[in-house]
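Peer 1: Pasting the sequence and the predicted coordinates here, then a few questions.
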Amino acid sequence: MDYPDRISLASMSRQSQSAANDTDSQHINIQQQLQQTPTLEDLTECLRFSPGDGRIWLNDQRMQLIHTSSFGVLRREIIEAFGIKRARGIMTRTGYASGARDAELIRKRWPGAELTSVLIAGTQLHALEGAVQVETLNIDVDAKKGHYEGEFLWHHCTEDEEHIATYGIGSEPACWWELGYAMGYVSGLVGSLVIFREVECRAMGHSVCRIIGKTAKHWGNIDEDMAYLNASGPQPPKEPRQEIYLPSDSAHDPVINEPQMIGASAAFTAASHSLKKVAPTQATVLLSGESGVGKELFATMLHRMSPRSHQPFVAFNCAAIPENLIEAELFGVEKGAYTGAVQQRAGRFERADGGTLFLDEIATLSLEGQSKLLRALQEKEIERVGSSKAIKVDVRVVAATNVDLREAVECGEFRSDLFYRLNVFPILLPPLRERRDDLPLLINHFFHHYCRLHDRTLSGITQKATQALLHYDFPGNIRELQNIIERGVIDADNENPVDLHNLFRNEPIPKSVLYSVNSGGALSNTLQNKTETSELSFSNLFTGKESISIDALEQQILQQAVKTAGGNLAEAARRVGLTRAQLAYRLKKSDKT
Ligand SMILES: [Zn+2]
């Protein structure tokens with residue numbers, strides 16, 4: 001392969017490269033090579049599904065789709081059979097083989113392409129294959145001198161997702177296969193061994209994985225890297241089986257796997273992991289996260305997993321009670337304490353004695369309410385309103401907030417001493433859009449839940465509706481997902497599946513950028529297909545500037561059908577796959593609105 005001498009991604013531009021070449025012929029040569037740069041579209045075209053004969057092709061290589069969860073099972077089996085180090089070696093080498101195959105594909109298909117662009121194509125292939133989203137920070141390569149340096153961020157890698165789901169957060173990186181892939185791919189194109197190291201990993205608690213690659217000779221000592229990479233080289237000692245990671249984490253804990261606690265994504269598992277750690281203690285816990293992420297559910301689970309589980313769990317929403325009644329609600333009242341206090345009543349603290357008190361939306365408490373709460377927490381005793389008698393209470397407090405309490409402290413809206421008392425063990429609950437991998441599990445759970453609750457017999461959820469849900473942002477989080485599915489279950493006709501229009505009635509249609517198999521077996525953008533096959537223009541539909549409702553869209557389609565059928569309703573109905581009566585009904589429906 002004929003590569004330009006030295007290219008740095010940071011400084012790479014077509015003009016600067018052209019200018020760097022002395023002669024016109026070299027200039028043209030470079031231009032031709034750049035035209036051969038594989039784009040994401042080109043790469044996507046390499047992937048072809050041939051369901052008729054049970055084959056999937058990536059260019060000329062046969063592929064197979066496997067569930068990431070079964071990849072996780074395989075990985076765990078290997079770890080348990082061979083120990084962590086040998087398992088890491090096996091995964092690294094298999095990944096390496098996969099990366100090397102892809103490098104071969106690129107070399108064959110784009111023989112004249114410029115080196116940096118084919119290296120970037122590797123990041124896109126890696127993403128196309130569903131492994132990881134790669135963010136390139138830097139690539140500096142000099143093929144002739146055999147020099148390579150690159151740094152990348154990996155977002156939502158499948159491998160550490162699976163690792164975290166089984167083993168939780170640890171001290172070692174876990175993206176072994178994917179690291180092997182990077183080594184196989186880059187080494188295959190640069191032509192000398194490039195070693196990648198994962199210096200940060202989600203499996204170590206980082207928010208993204210960071211990998212750095214350098215030509216072997218630029219790393220210095222690579223004995224450890226080679227021990228994993230080289231199957232026939234020196235092997236790390238095989239550990240005894242009992243020293244292998246114990247699958248002890250929340251996702252597999254029967255207690256936490258109560259029907260309501262659904263999720264296996266890394267973000268969710270990390271939160272569950274923290275919950276499981278703190279639950280058996282007496283520590284005060286502060287749950288934070290957007291509205292609708294399930295803070296009360298987490299608090300309930302914490303209580304159930306705690307030594308107080310046989311004692312009461314009392315939930316109290318500070319925002320739901322008028323300011324002047326908060327004190328009475330929390331601490332109780334004596335008879336005659338104020339007009340209307342006709343009998344003595346215990347407050348939430350007393351009712352939660354021995355158990356757990358969940359205080360939701362804690363930031364809405366007034367400063368006065370805050371100081372009373374602080375006193376109760378410090379003294380472990382309360383006084384009912386209208387009484388000066390102190391009552392001892394033994395209550396574990398779990399507080400929740402959807403605002404940043406630290407910020408509230410800085411603005412003088414929240415007492416700093418109360419903040420520190422509550423913030424003993426903070427747990428951040430992820431918004432749903434950051435745990436998309438849990439969506440299939442959650443959708444399935446809520447669908448069956450609401451079918452049971454509303455006594456519906458539905459045949460499922462259509463592919464179109466499922467895809468829309470998988471791509472929706474859920475600003476209202478799990479609560480919104482729950483509502484959307486409940487509405488869909490109620491709206492759909494018995495014996496039929498829930499369809500897109502049952503879920504999203506007046507909301508903007510969720511943006512979809514999916515590639516699907518077309519009749520020729522190639523993947524193509526589903527939206528582009530619609531644009532091609534329809535007289536309506538869909539191209540500006542999802543620009544984000546305007547929103548369009550399913551109802552409005554349906555009306556456009558129906559009216560267009562009537563128009564092209566020359567006003568013949570029966571013919572128009574046939575064209576859109578409805579009966580004449582159905583068409584007439586749907587057209588009439590819009591007249592009313
Ligand atoms: Zn990682």
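Peer 2: Yep, that arrived. Everything numeric in this text was worked out from a predicted model, so none of it was measured.
Peer 1: what helix or strand is residue 199 on?
Peer 2: Per DSSP states H and E: residue 199 is located in strand 194-200.
Peer 1: Just checking: what are the partner strands of that strand?
Peer 2: strand 209-215 (antiparallel) (DSSP bridges).
Peer 1: so where is this protein shaky, pLDDT-wise?
Peer 2: Across the chain, the ranges flagged by pLDDT under 70 are 1-36, 143-144, 146, 230-260, 264-265, 437, 463, 506-548, 590-593.
Peer 1: residues contacting the residue lying farthest from the centre of it?
Peer 2: Here the chain reaches farthest from its C-alpha mean at residue 336, the gap being 54.0 Å by C-alpha atoms, centre = their mean. Residues in contact with residue 336 (C-beta atoms under 8 Å, 6 or more residues apart in numbering) are 342, 386. The way it works is simple: take the backbone N, C-alpha and C, and place the C-beta from them, glycine included.
Peer 1: looking at this, it is in a strand?
Peer 2: No. Residue 336 is assigned coil when assessed by DSSP: H, G, I helix; E, B strand; the rest coil, not a strand.
Peer 1: near the ion, which residues of this structure?
Peer 2: 160, 175, 201, 209 (C-beta under 5 Å from the ion).
Peer 1: Dump the residues you listed to CSV, plus neighbour count.
Peer 2: Formatted as CSV, the residues of the chain next to the ion follow (neighbours: other C-beta atoms under 10 Å):
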residue, neighbour count
160, 26
175, 28
201, 26
209, 27
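Peer 1: ok, residues contacting the strand holding residue 199?
Peer 2: Under the criterion C-beta under 8 Å, 6+ apart, residues 148, 173, 175, 179, 182-183, 186-187, 206, 208-216, 219, 222, 225, 229 lie in contact with strand 194-200.
Peer 1: now residue 173, what's its secondary structure?
Peer 2: coil.
Peer 1: ok so, going back, any chance of the residues of the chain next to the ion in TSV, plus distance to residue 297?
Peer 2: Converted to TSV, the residues of the chain next to the ion look like this (distance: C-beta to C-beta, whole Å):
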residue	distance to residue 297
160	25
175	31
201	29
209	29
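Peer 1: Between those, which sits nearest residue 573?
Peer 2: residue 160 (52.3 Å; C-beta to C-beta).
Peer 1: I'd like to know how far residue 160 sits from residue 167.
Peer 2: 10 Å (C-beta to C-beta, to the nearest Å).
Peer 1: Give me the common contacts of the two.
Peer 2: Joint contacts of residue 160 and residue 167 (C-beta under 8 Å, 6+ apart) are 174, 203.
Peer 1: List just the nearest of the residues of the chain next to the ion to residue 483.
Peer 2: Comparing the residues of the chain next to the ion against residue 483 with C-beta to C-beta places residue 160 closest, at 31.9 Å.
Peer 1: tell me which element that closest one is part of?
Peer 2: Using DSSP H and E, residue 160 falls in helix 158-167.
Peer 1: Tell me the gap between that helix and the middle of its chain.
Peer 2: Remark: helix 158-167 is offset 13 Å from the chain centroid, using C-alpha atoms, centre = their mean, to the nearest Å.
Peer 1: Run the angle between that helix and strand 194-200 for me.
Peer 2: Counting by axes from the mean of the first three to the mean of the last three C-alpha atoms, to 10 degrees, helix 158-167 lies at 50 degrees to strand 194-200.
Peer 1: Output helix 158-167 as CSV - backbone C-alpha positions only.
Peer 2: The C-alpha coordinates for helix 158-167 follow below in CSV (Å, rounded to 0.1, in the frame of the first residue of the first chain):
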residue,chain,number,x,y,z
THR,A,158,-20.7,-3.9,25.2
GLU,A,159,-18.0,-5.8,26.8
ASP,A,160,-17.6,-3.8,30.0
GLU,A,161,-21.4,-3.5,30.1
GLU,A,162,-21.5,-7.3,30.4
HIS,A,163,-18.5,-7.3,32.7
ILE,A,164,-20.1,-4.8,35.1
ALA,A,165,-23.4,-6.6,35.0
THR,A,166,-21.7,-9.7,36.3
TYR,A,167,-18.8,-8.5,38.5
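Peer 1: Can you tell me which helices and strands the helix or strand that comes right after that helix packs against?
Peer 2: Per DSSP H and E, the first helix or strand lying C-terminal to helix 158-167 is helix 176-190. Counting contacts by 3 or more C-beta pairs under 8 Å, 6 or more residues apart in numbering; DSSP states H and E, helix 176-190 is packed against helix 84-109, helix 115-128, strand 147-155, helix 158-167, strand 194-200, strand 209-215, helix 223-229.
Peer 1: Can you list the buried residues in the fifth one?
Peer 2: Residues of strand 194-200 classed as buried: 194, 195, 196, 197, 198, 200 (neighbour count, 16 or more other C-beta atoms under 10 Å).
Peer 1: and if you look at the second one?
Peer 2: For helix 115-128, a neighbour-count test (16+ other C-beta under 10 Å) marks 115-128 as buried.
Peer 1: now the third one
Peer 2: Of the residues in strand 147-155, those buried by neighbour count under the rule 16+ other C-beta under 10 Å are 147, 148, 149, 150, 151, 152, 153, 154.
Peer 1: would you put the C-alpha positions of it in CSV?
Peer 2: This file holds the C-alpha atoms of strand 147-155, laid out as CSV (Å, rounded to 0.1, in the frame of the first residue of the first chain):
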residue,chain,number,x,y,z
HIS,A,147,5.4,5.0,14.1
TYR,A,148,1.9,5.1,15.4
GLU,A,149,0.3,6.8,18.3
GLY,A,150,-3.4,7.2,18.9
GLU,A,151,-5.8,8.0,21.7
PHE,A,152,-9.5,7.2,21.7
LEU,A,153,-12.5,7.3,24.0
TRP,A,154,-14.9,4.4,24.0
HIS,A,155,-18.5,5.0,24.8
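Peer 1: Report all helices and strands that that strand contacts.
Peer 2: So strand 147-155, by 3+ C-beta pairs under 8 Å, 6+ apart, packs with strand 133-142, helix 176-190, strand 209-215.
Peer 1: looking at those, which is buried most?
Peer 2: Ranked by mean neighbour count, these are led by helix 176-190 with a mean of 26 (mean count of other C-beta atoms under 10 Å).
Peer 1: Kindly export that one (C-alpha atoms) in CSV.
Peer 2: What follows is helix 176-190, C-alpha atoms only, in CSV (Å, rounded to 0.1, in the frame of the first residue of the first chain):
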residue,chain,number,x,y,z
TRP,A,176,-10.3,-7.2,26.6
TRP,A,177,-11.8,-8.3,23.3
GLU,A,178,-12.2,-4.8,22.1
LEU,A,179,-8.7,-3.9,23.0
GLY,A,180,-7.5,-6.9,21.0
TYR,A,181,-9.7,-5.8,18.1
ALA,A,182,-8.0,-2.4,18.1
MET,A,183,-4.5,-4.0,18.2
GLY,A,184,-5.4,-6.4,15.4
TYR,A,185,-7.0,-3.7,13.2
VAL,A,186,-4.3,-1.0,13.6
SER,A,187,-1.4,-3.4,13.4
GLY,A,188,-2.8,-4.9,10.3
LEU,A,189,-2.9,-1.6,8.6
VAL,A,190,0.2,0.1,10.0
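Peer 1: and which of the buried residues of strand 147-155 is nearest to the ion?
Peer 2: Comparing the buried residues of strand 147-155 against the ion with C-beta to the ion places residue 154 closest, at 6.0 Å.
Peer 1: Which strand residues bridge that closest one?
Peer 2: Here residue 154 sits in beta bridges with residue 134, residue 209, going by DSSP bridges.
Peer 1: Also residue 460?
Peer 2: Here residue 460, judged by DSSP bridges, has bridge partners residue 497.
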